[in-house]
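Peer 1: Task: produce atomic coordinates for the following.
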Amino acid sequence: MRAVCIERCMHGSEGGVVQSRPDSMLLPYFMLIMEGLNIKKISERLGMSISGVKRHREKMLLQNGCTDMLELIAKYHGMQGGEEG
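Peer 2: The predicted structure follows:
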């Protein structure tokens with residue numbers, strides 16, 4: 001259920017995790033962040049460089065007006081609470 005909600009948000013729902021045109025790597029990246037993986041483990045899982053993972057992180061933060069991942073995750077959870085009620 002959570003992955004479906006993330007995917008829906010990533011594809012343009014207002015108030016979603018990524019509000020502009022989604023990058024094909026942002027959804028798997030965000031799901032791995034939600035699993036608690038660090039940047040090194042995410043880079044290994046996605047088969048990309050650590051700097052590439054950091055670029056995805058910065059892109060998600062900028063697109064959502066967040067200053068850190070905790071704020072982005074809180075924004076996601078806040079949206080989830082609004083959908084269920």
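Peer 1: Return the helix or strand in the chain with minimum mean pLDDT.
Peer 2: helix 2-10 (a mean of 45; mean pLDDT, DSSP states H and E).
Peer 1: Show me what the following helix or strand past that helix is packed up against.
Peer 2: The first helix or strand that comes after helix 2-10 along the chain, using DSSP states H and E, is helix 26-34. Counting contacts by 3 or more Cβ pairs under 8 Å, 6 or more residues apart in numbering; DSSP states H and E, helix 26-34 is packed against helix 2-10, helix 39-46, helix 50-64, helix 69-84. The C-beta positions use only the backbone N, C-alpha and C, and glycine is treated the same way.
Peer 1: Report how many residues lie close to Y76.
Peer 2: 22 (other Cβ atoms under 10 Å).
Peer 1: what's the answer for the one 3 residues further on, then?
Peer 2: When counting by other Cβ under 10 Å, one arrives at 18 neighbours for M79.
Peer 1: you'd agree Y29 is up against L61?
Peer 2: No. Counting by Cβ atoms under 8 Å, Y29 stays clear of L61, with 11.7 Å between them.
Peer 1: In terms of neighbours, single out the busier of these two.
Peer 2: In terms of neighbours (other Cβ under 10 Å), Y29 is the more surrounded of Y29 and L61; the figures are 22 against 15.
Peer 1: Please report the distance of the spatially closest residue to that one that is not a sequence neighbour from N64.
Peer 2: Leaving aside its chain neighbours, Y29 sits nearest to H56 (4.8 Å; criterion: Cβ to Cβ, 6 or more residues apart in numbering). H56 sits 13 Å away from N64, going by Cβ to Cβ, to the nearest Å.
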